[in-house]
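>>> Below are the sequence and a predicted model; questions follow.
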Amino acid sequence: MPFDPAALNPEQRQAVETIDGPLQIIAGAGSGKTRVITMRIARMLERRIPQSQILALTFTNKAAREMGERVREIAGTRLRDLTVSTFHSFGVSILKRHARRLGYRDNFSIYDTQDQMALLRESAREIKMELEHGEAMSILQQFSAAKTGRAPWEDLPAAYRELYDDYSEHLRLYNAVDFDDLIILPERILSEHPDVAEAFQSRFQYIMVDEFQDTSADQYRLLRSLGMAHQNVAVVGDDDQSIYSWRGANYENFAQFERDFPDFVEIRLERNYRSTDTILAAANGVISNNQNRKDKVLWTGTKEGRPIVLTFPEDESSEGMFICDTIKTLALRENLRYGDVCVLVRTNSLTRNLEMTFLSENVPYRMSGGQSFFQRKEIKDITSYIRLCANPDDDVSLLRVINTPRRGIGRKTIETLVETAQSQATSLFGAIAAELHAADSRLGKRARADLASFHSLVEEYRSRIFAKRKMTEALRALVEEIDYWAHLVAEHPNNEKAPKWKYRNVGLFLDFVEQYEKDPDNLSPSPFEFLTRISLDPRDEVDEEHDAGKVNLMTIHAAKGLEHDVVFVAGCEAGIIPHQRAIEEDPANLEEERRLFYVALTRAKRRLYITSCRTRKVMRELRESAPSPFLEEIPDELIETVDAPEAVEEEEGLDYFAAIKAKLGG
């Protein structure tokens with residue numbers, strides 16, 4: 001047997017053994033759901049269910065890879081035909097096979113947020129609409145809400161509707177899709193083409209969805225299209241951890257699942273294997289105040305919880321010092337490693353003062369949820385070359401690289417190309433070819449020569465990049481041929497360090513590509529597959545080992561799914577959590593804000609600290625703060641209120657360092 005039933009509690013065992021029919025697993029925080037999912041897949045394989053009939057959907061590529069690795073360890077077999085994927089990656093796989101049914105070619109580009117904003121600005125220029133600073137992101141969010149049905153089209157201003165039409169038209173012209181399309185278009189293919197739906201339903205007879213509370217209405221419709229025929233659909237999640245409504249997550253999908261699959265079995269995993277009984281009692285006390293939830297109470301068999309430490313610093317500077325002093329004290333007294341500490345905040349704006357304090361106190365930290373490695377300018381430059389080679393009709397990528405490095409292709413030349421592209425209903429790359437072959441081209445001899453050189457470069461590397469397992473070799477040659485180093489030096493004439501740092505990042509990126517190509521689990525690595533990977537899950541995994549010994553600083557949203565020995569929840573004040581703007585927009589958001597606080601509490605394994613400042617600067621104005629009302633929902637007997645961490649005496653510190661020195665043999 002691939003697993004030991006004795007290692008599972010009764011509810012986990014029931015979830016693993018229930019293979020046929022619809023199943024809803026309500027998995028509380030830290031209840032071992034990942035173990036249940038992986039063992040459930042292993043159990044299917046043991047029952048001789050073909051790998052090709054199993055589909056497991058989750059929300060990040062990293063989670064999908066880890067799930068696949070754990071199944072392989074348990075089952076002790078290669079998983080060539082098992083599909084463990086994110087929703088968006090699975091959507092890509094449907095589009096690759098059937099995009100032509102919707103008028104797309106199968107070498108489509110996937111536009112990330114930066115690409116979308118560039119296209120939006122281009123569309124605005126074409127319809128002579130001026131965008132104010134910062135307006136592009138707001139418009140994209142409104143487009144997404146309307147496109148996915150989270151908001152009615154009527155709410156979109158008339159001017160924005162014209163802009164949306166132009167934006168959508170350009171997406172189609174450039175053979176590009178955005179993130180919303182990766183769910184909407186596959187679902188449309190399945191609903192409009194019964195033969196395609198039947199083929200996918202026939203293949204995937206057993207479907208599992210992790211983090212079900214994070215699914216959107218569109219993702220649920222895609223799941224329903226795949227699973228209604230055979231009914232073997234298992235969804236795993238926790239409505240108490242639904243914290244992404246602002247990007248479409250809909251915890252009411254639990255109720256919709258129950259309506260669509262009335263013969264479902266429900267199993268609740270309430271035993272927590274992560275946190276102490278004190279932390280769980282606090283979390284239960286808070287979340288029980290929500291009305292729209294499935295009733296559950298997390299519990300643990302351990303009775304070793306220390307009180308939750310609550311402190312009220314005078315201001316954010318005192319807050320930062322309290323956190324730093326406490327971390328240093330725990331490091332000295334309990335041998336706590338910095339990497340086992342996490343500091344959580346409700347919004348990114350709260351991190352600045354904490355970062356300043358960490359720097360001044362020499363506490364190493366890493367900021368999670370910041371700019372991805374793959375979003376850095378130098379990396380976007382190189383990936384844009386890959387994307388242009390993969391899809392020459394991708395105008396956004398072309399405009400990024402046509403003068404990177406400088407080629408003397410001026411604004412007038414580009415304007416002429418835009419006019420040609422519009423008149424011939426083609427892309428800019430198509431317009432370049434048209435102008436190079438036109439007897440009556442409006443371009444001068446120098447411009448034509450520069451464009452011919454650029455066109456030849458792209459055509460040459462298109463074939464080289466697509467050669468089997470030769471992508472890294474081709475990219476290294478491309479970086480040399482365009483002399484990207486000289487470009488970086490020219491871009492930073494007064495800064496010697498910047499070009500070196502950026503060129504080092506390019507080297508790290510090329511190493512990452514090489515690692516991808518050499519991975520034996522990538523059966524047919526290709527530019528398309530690689531671009532999909534970094535587009536859908538662009539978070540930086542390149543420097544994870546380097547950052548392992550640093551305090552983790554992140555928003556609560558970014559901490560979802562993580563756990564740490566010691567957690568600080570900073571800025572627990574009214575107006576911050578619950579966030580004032582969220583409550584003003586919709587009073588119903590109060591329950592989601594409470595779920596967010598619940599997620600923060602349940603990230604802690606051993607120790608939990610909460611800070612609530614008496615005053616805080618808002619727009620350079622010092623204002624009095626009130627504690628978060630959520631703090632009142634934690635039972636009093638679980639809390640210990642303190643002023644400051646007990647100082648480490650000099651003699652104790654010297655004894656500690658002497659012990660460390662002896663351990664190292666000094």
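Everything's here; your move. Numbering: from 1, shown residues only.

>>> hey, let's count contacts and neighbours off CA atoms from now on
Fine.

>>> which residue ranges form the helices in the stretch 351-500 of the chain?
Ranges of helices in the stretch 351-500 of the chain, per DSSP state H, counting those that start in this stretch, are 351-360, 377-390, 395-401, 411-424, 428-437, 445-465, 471-481, 484-491, 497-518.

>>> Switch those over to TSV; also include mean pLDDT, mean neighbour count and distance to residue 263.
Listed next are the helices of the stretch 351-500 of the chain as TSV, based on pLDDT from 0 to 100; neighbours: other Cα atoms under 10 Å; distance: least, Cα to Cα, whole Å:
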stretch	mean pLDDT	mean neighbour count	distance to residue 263
helix 351-360	87	16	48
helix 377-390	93	21	46
helix 395-401	91	21	49
helix 411-424	88	15	55
helix 428-437	94	20	54
helix 445-465	94	16	51
helix 471-481	95	17	50
helix 484-491	92	16	61
helix 497-518	89	16	43
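
>>> out of these, which comes closest to residue 591?
Residue 591 lies closest to helix 351-360 among the helices of the stretch 351-500 of the chain, at 24.4 Å (Cα to Cα).

>>> Where does pLDDT dip in the stretch 1-150 of the chain?
Confidence mapping of the stretch 1-150 of the chain against pLDDT under 70 gives the ranges 1-5.

>>> Which helix or strand contains the nearest residue to residue 71 once chain neighbours are set aside?
Spatial nearest neighbour of residue 71, excluding adjacent residues (Cα to Cα, 6 or more residues apart in numbering): residue 38 at 5.2 Å. Counting by DSSP states H and E, the element that carries residue 38 is helix 33-46.

>>> Toward the C-terminus, what is the element adjacent to that helix?
Criterion used, DSSP H and E; the element after helix 33-46 is strand 54-58.

>>> That next one pairs with which strands, and in what direction?
Neighbouring strands of strand 54-58 in its sheet, by DSSP bridges, are strand 83-86 (parallel), strand 206-209 (parallel).

>>> how far is that strand from where the chain is centred?
With Cα atoms, centre = their mean, to the nearest Å as the basis, strand 54-58 stands 18 Å off its chain's centre.

>>> and it with helix 33-46, angle?
Here strand 54-58 runs at an angle of 170 degrees relative to helix 33-46 (axes from the mean of the first three to the mean of the last three Cα atoms, to 10 degrees).

>>> after strand 54-58, next one along is what?
helix 61-75.

>>> residues of that following helix that come out buried?
Neighbour counts over helix 61-75 (16 or more other Cα atoms under 10 Å) mark 61, 63, 64, 67, 68, 70, 71, 72, 74, 75 as buried.

>>> Let me know which of the strands paired with strand 54-58 is tucked in deepest.
Among those, ranked by average contacts under mean count of other Cα atoms under 10 Å, first place goes to strand 206-209 (a mean of 24).

>>> what residues does that strand touch?
Contact partners of strand 206-209, identified using Cα atoms under 8 Å, 6 or more residues apart in numbering, comprise 53-58, 227, 230, 232-236.

>>> Equivalent analysis for stretch 103-118, please.
Contacts of stretch 103-118 (Cα under 8 Å, 6+ apart): 95-100, 136-137, 140, 172, 175-179, 387, 390-391, 394, 396, 528, 532, 535.

>>> Now, these that are in strands?
Counting by DSSP state E, the part of those found in strands is 176, 177.

>>> filter the contacts of stretch 103-118 to the buried ones?
Buried among the contacts of stretch 103-118 (16+ other Cα under 10 Å): 95-96, 98-99, 136, 140, 175-179, 387, 390-391, 394, 396, 528, 532, 535.

>>> How far off centre is stretch 363-383?
Offset of stretch 363-383 from its chain centre (Cα atoms, centre = their mean): 13 Å.

>>> Correct me if wrong, but residue 630 is in a strand.
No - counting by DSSP: H, G, I helix; E, B strand; the rest coil, residue 630 is not found in a strand; it is helix.

>>> The closest residue to residue 200 other than its chain neighbours in helix, strand or coil?
Spatial nearest neighbour of residue 200, excluding adjacent residues (Cα to Cα, 6+ apart): residue 226 at 6.7 Å. At residue 226 the chain is in helix, as set by three-state DSSP.

>>> So residue 226 versus residue 208, what's the distance?
For residue 226, the distance to residue 208 (Cα to Cα, to the nearest Å) stands at 11 Å.
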